[in-house]
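Novice: with the sequence up front, the predicted model follows.
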Amino acid sequence: MGRVFISLKTRLIVFALALVLVGLAIRVVIMTDFMRDELQQLVSAQQLSLATYVAQDIDAKLRTRQELVRRLAEQLPQNLLQQSDALAAWLAARHDSQSLFSAGLIVVSPAGIATTDYPSLPGRRGTSYADRDWFLAIRNSGTSAMGAPTIGRSTHRPGIVMAAPIKDARGQLLGVLAGVTTLNAPGFLDLVQNNRVGESGGFLLISPKDRIFVMASDPAMALRPTPPPGINRLHDQAMAGYRGSGITINAQGVEELSSIASVPSTDWFLVARTPTREAFRPLEHLYGFLLRNTLVIGAVVTIASLLILGWLFRPLAHAARQVRSMAEGITPLRSLPVVRNDEVGELASGFNLLLGKLREREATLARIAHHDPLTALPNRAAFHERLSQSIALARRQGNHLALLFLDLDDFKPVNDDHGHDIGDQVLRLVAQRLQDKVRKADMVARFGGDEFIILLTDITDITSAAGVAEKCIEVLSAPMRVGKLQLKIGASIGIALYPDHADNTDSLLAHADAAMYDAKRGGRNGYRIAPFPAT
Ligand SMILES: Nc1nc2c(ncn2[C@@H]2O[C@H](COP(=O)(O)OP(=O)(O)OP(=O)(O)O)[C@@H](O)[C@H]2O)c(=O)[nH]1
């Protein structure tokens, strides 16, 4: 398990995934600001057009009613002002043909008392409207007026009054004609009430002068007071005349995108509002999309990384396994295949170079271990190895071997008289001369000091071995030129044969050694054959 976490492949995949996630985070951060601004502008523009459209619809309805009541006031037969029933019949004819005033028409005397109404509501005739704003406005200005939305005195429902003066030819006020519309009357504020903006947004129709909601998507809000200043920043700005869009926190603590448009014929304004959570929902969808998109990209990156890294690292893993197997001695040392010309290929080439060096070093060490550094002849260890192999082979093939144990005569004085360097050169000359006298298949080794040993393979009889010994003695007896010196040495040789004297290395060597001492004792510069065992 631990290997998985420290694996280069895992780390690279984690790194790639981290890049994907960082990319997502950066996209989300950058896009959030950008998209929010864009979306806010778009939704604001749409919502403002909607608010303007609905505000103009309300305005048109108010104007139509104002116009109607003004016209009716002009047309009203003034002679009927004193004939209540006839006037009611006249009103009925007008009201039925154009029923814009859902709560009817009222004729009010200059003193503010309702004299006639249609449709007639219980208790309406005789009621005083002298304190109503619309009546007072007409009394003061003499022109038509619209009252503040309020609970009707006879209807007992939220409503609004449009009133126009009834004047005689001299401009004398004879009465007031008032048309009453309840706020929830069909065809009046339909677009505002029970209508939503989006899913959870809505409208508010506000009269800033009266500080009330005239109507809202929730009709229960009609005539409720607007929030006091300081609760809703944008509402405060709208009350002060701002028209346009903005984001604000409403009295319930919900963030809303609000668009404000004027109703031109009054000082009212209409607010279309949508919770920003809903307005900016496309952003959530975008995040969802980005997240899904990132998950897919992440999965693709992981799979692609696994495949690509697997392909890239396969030779590396393979090479690592091979190197381990070589190091553990399971497989022999051999060069790694260089599959590609990339870093992995470079590593394999580097390993192969190292392997070459190792082999060279190994060869040097083997040479050092098996050769005498002075004469470059095989040393005692190499000789023992070779002798064992030769005995085994000779045993299988039924051949004879001969061992010539050679010790220089009077070598010590060379050292003593001329120094060790001269002695070394003499030893090298001896090695050279001996090698020249044997066949390639034979072996000359330095046994140590001034002792040499010669292994003759495949000899037929003792005579041929003795012949070689003689030639060696002869060649070594010849004067040796070392620098300006002319030196002379000799050699004593002991000969032992396989299998005649012995059939193993140690015993064979012991026989040859003993024979060599025999030769020394016999006067030096000669050879002796080990005595053959009695049969
Ligand atoms: N220069 C040199 N001398 C060596 C080396 N190895 C051994 N010797 C010398 O070889 C001599 C061998 O001793 P001996 O065999 O007793 O000397 P020797 O004079 O040949 O005696 P005999 O065999 O009795 O004739 C010693 O003086 C060693 O110091 C070497 O590598 N270089």
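Specialist: On my side now, so go ahead. Numbering: from 1, shown residues only.
Novice: which residues in the stretch 1-150 of the chain form helices?
Specialist: Remark: helices assigned in the stretch 1-150 of the chain by DSSP state H, counting those that start in this stretch are 2-6, 8-75, 84-97, 133-141.
Novice: I'd like those helices as JSON lines, with mean neighbour count and distance to the ligand appended.
Specialist: The C-beta positions use only the backbone N, C-alpha and C, and glycine is treated the same way. Formatted as JSON lines, the helices of the stretch 1-150 of the chain follow (neighbours: other Cβ atoms under 10 Å; distance: least, Cβ to the nearest ligand atom, whole Å):
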{"stretch": "helix 2-6", "mean neighbour count": "8", "distance to the ligand": "56"}
{"stretch": "helix 8-75", "mean neighbour count": "16", "distance to the ligand": "56"}
{"stretch": "helix 84-97", "mean neighbour count": "16", "distance to the ligand": "147"}
{"stretch": "helix 133-141", "mean neighbour count": "17", "distance to the ligand": "139"}
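Novice: between those, which gets the lowest average pLDDT?
Specialist: Comparing mean pLDDT over the helices of the stretch 1-150 of the chain, the weakest stretch is helix 2-6, at a mean of 65.
Novice: now do the residue of the stretch 401-535 of the chain found nearest the ligand, the pLDDT please.
Specialist: When scored by Cβ to the nearest ligand atom, the stretch 401-535 of the chain has residue 423 as its residue closest to the ligand, at 2.4 Å. pLDDT recorded at residue 423 is 96.
Novice: a markdown table for the helices of the stretch 1-150 of the chain, including distance to residue 345?
Specialist: A markdown table is the format used below for these (distance: least, Cβ to Cβ, whole Å):
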| stretch | distance to residue 345 |
| --- | --- |
| helix 2-6 | 24 |
| helix 8-75 | 17 |
| helix 84-97 | 100 |
| helix 133-141 | 96 |
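Novice: and of the ones you listed, who's closest to residue 407?
Specialist: helix 2-6 (63.8 Å; Cβ to Cβ).
Novice: return the set of residues that bridge with residue 272.
Specialist: Residue 272 forms beta bridges with residue 203, residue 259, as assigned by DSSP bridges.
Novice: which non-adjacent residue is nearest the residue of the stretch 401-535 of the chain closest to the ligand?
Specialist: Leaving aside its chain neighbours, residue 423 sits nearest to residue 415 (4.0 Å; criterion: Cβ to Cβ, 6 or more residues apart in numbering).
Novice: that older thread, doesn't residue 411 make contact with the residue of the stretch 401-535 of the chain closest to the ligand?
Specialist: Yes: Residue 423 is within contact range of residue 411, at 7.0 Å (criterion: Cβ atoms under 8 Å).
Novice: so what's residue 103 closest to, chain neighbours aside?
Specialist: Nearest non-adjacent residue to residue 103, counting by Cβ to Cβ, 6+ apart: residue 180, 3.8 Å away.
Novice: quick one: pLDDT of the one you found?
Specialist: Looking at residue 180, its pLDDT stands at 97.
Novice: so it sits in a helix?
Specialist: No: using DSSP: H, G, I helix; E, B strand; the rest coil, the assignment for residue 180 is strand, not a helix.
Novice: so it touches residue 101, yeah?
Specialist: Yes: proximity of residue 180 to residue 101 meets the contact threshold set by Cβ under 8 Å, at 5.6 Å.
Novice: which stretches in the stretch 151-300 of the chain count as strands?
Specialist: Using DSSP state E, counting those that start in this stretch, the strands found in the stretch 151-300 of the chain span residues 158-167, 173-182, 196-197, 201-207, 212-216, 244-249, 255-262, 269-275.
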